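J.: Everything below, folded, please.
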Amino acid sequence: MSKLHEVFAQAKAENRSALIGYLPAGFPTVSGAIDAIRAMVENGVDIVEIGLPYSDPLMDGPTIQAAVDQALRQGVTSRDVLDTVEAVAQTGAPTLVMSYWNPIERYGVDRFAQDLAAAGGTGVITPDLTPEEAGDWIRATDESGIDRVFLVAPSSTQERIKVVSDITTGFLYAASLMGVTGVQSVSAAAPALVERSRPYAHVPIAVGLGVSTADQAAEIAAYADGVIVGSAFVRRLLDASTPEQGVRDVGELAAQLARGVRAPR
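T.: Numbering: from 1, shown residues only. Prediction:
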């Protein structure tokens, strides 16, 4: 059982969902992102997703794009992302990278998997990598001992859900809607997507896109193994008057969401 699965198992033993928090590396600065993510973990985030800034983020809405653009303008590199992983992993929270495929391919598929494992990372979420093109990645992650996370969506057929589930080793990422991140509500299609995925998923199922409040977290926690929150954390940093205030604000949001996933079912 990987460290990631251990955290999901512990959450299940506590009759709750795991809280998964996302922030891009390098925003507002490399050290600032690390401080903010540490505050998230200290206030109840169980699992961390660190975004690898990329210039063509197909899945990211305007909130995350604004943060990523700032990080890229400041020259954030893949090495900075791995350094962030190493710093965050020291908190004890399973730490994954969320990255589009192009940066990983440019870095080197085997090298990225090896360097992530060396930094203490537990896995990678690849939103635009299809199963049909994942052969090299499956081999590299197996050899490096890190988990793979792939996505399913409301449009996914049962056959597609099975194909994606078969190659997923970390958790199955159930995107609650068709579109980009940053929406303010969770799609009504999310419960049905999780239900349709259960017969095929041999790993936990986590729901993301549209989660920003404790009530929404509690709603998803009633039927999913994990609750993923990204844009809401990024928005707290974007709106903060100072970096220090941003760290306090993301910690406050993490505490609220942590109470949400622990609400009585």
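
J.: only C-alpha atoms for contact and neighbour calcs from this point on.
T.: Noted.

J.: Tell me which residue lies nearest the centroid of the chain.
T.: E49 (3.7 Å; CA atoms, centre = their mean).

J.: and that residue, what helix or strand is that in?
T.: Taking DSSP states H and E as the definition, one finds E49 inside strand 47-51.

J.: And the helix or strand just after that strand, how far out from the chain middle?
T.: Moving toward the C-terminus from strand 47-51, the next helix or strand (DSSP H and E) is helix 62-73. Centre-to-centre, helix 62-73 and its host chain are 17 Å apart (CA atoms, centre = their mean, to the nearest Å).

J.: ranges for the helices of the stretch 1-150 of the chain?
T.: 3-13, 30-42, 62-73, 78-89, 101-107, 109-118, 135-144 (DSSP state H, counting those that start in this stretch).

J.: How about residues contacting the last one?
T.: Outside of helix 135-144, the residues that reach it under the criterion CA atoms under 8 Å, 6 or more residues apart in numbering are V109, D110, A113, Q114, A117, D147, R148, I167.

J.: Tell me which residues of that helix come out buried.
T.: Using 16 or more other CA atoms under 10 Å as the test for burial, helix 135-144 gives W137, I138, A140, T141, S144.

J.: R196: which of the residues you listed is nearest?
T.: I138 (24.4 Å; CA to CA).

J.: how near is that closest one to A9?
T.: 24 Å (CA to CA, to the nearest Å).

J.: swap in E195?
T.: 19 Å.

J.: More neighbours: these two, which one.
T.: Between E195 and A9, counted using other CA atoms under 10 Å, A9 has the larger neighbour count: 18 against 12.

J.: Against L72, how distant is the more buried one?
T.: As judged by CA to CA, A9 and L72 stand 36 Å apart.

J.: Okay, strands next: where are they in the stretch 151-265 of the chain?
T.: 151-152, 172-175, 205-208, 226-229 (DSSP state E, counting those that start in this stretch).

J.: Please convert the ones you listed to CSV, extending it with distance to E86, mean pLDDT and mean neighbour count.
T.: Listed next are these as CSV, based on distance: least, CA to CA, whole Å; pLDDT from 0 to 100; neighbours: other CA atoms under 10 Å:
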stretch, distance to E86, mean pLDDT, mean neighbour count
strand 151-152, 25, 96, 23
strand 172-175, 23, 95, 26
strand 205-208, 24, 95, 26
strand 226-229, 21, 96, 29
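
J.: need those strands in CSV with distance to R265, can you?
T.: Shown next, in CSV, are the strands of the stretch 151-265 of the chain (distance: least, CA to CA, whole Å):
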stretch, distance to R265
strand 151-152, 25
strand 172-175, 20
strand 205-208, 17
strand 226-229, 14
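
J.: Nearest approach to V41 belongs to which of these?
T.: Closest of the strands of the stretch 151-265 of the chain to V41 is strand 226-229, at 12.9 Å (criterion: CA to CA).

J.: neighbouring contacts of the closest one?
T.: 8, 17-22, 204-212, 217, 220-221, 261.

J.: Repeat the analysis, applying 6 Å as the threshold.
T.: S17, A18, L19, I20, G21, A206, V207, G208, V211 (CA atoms under 6 Å, 6 or more residues apart in numbering).

J.: Excluding chain neighbours, what is closest to the last one?
T.: When you say that, I think you mean V211. Closest residue to V211 in three dimensions, ignoring its sequence neighbours and counting by CA to CA, 6 or more residues apart in numbering: V229, at 5.6 Å.

J.: Cool, thanks, signing off.
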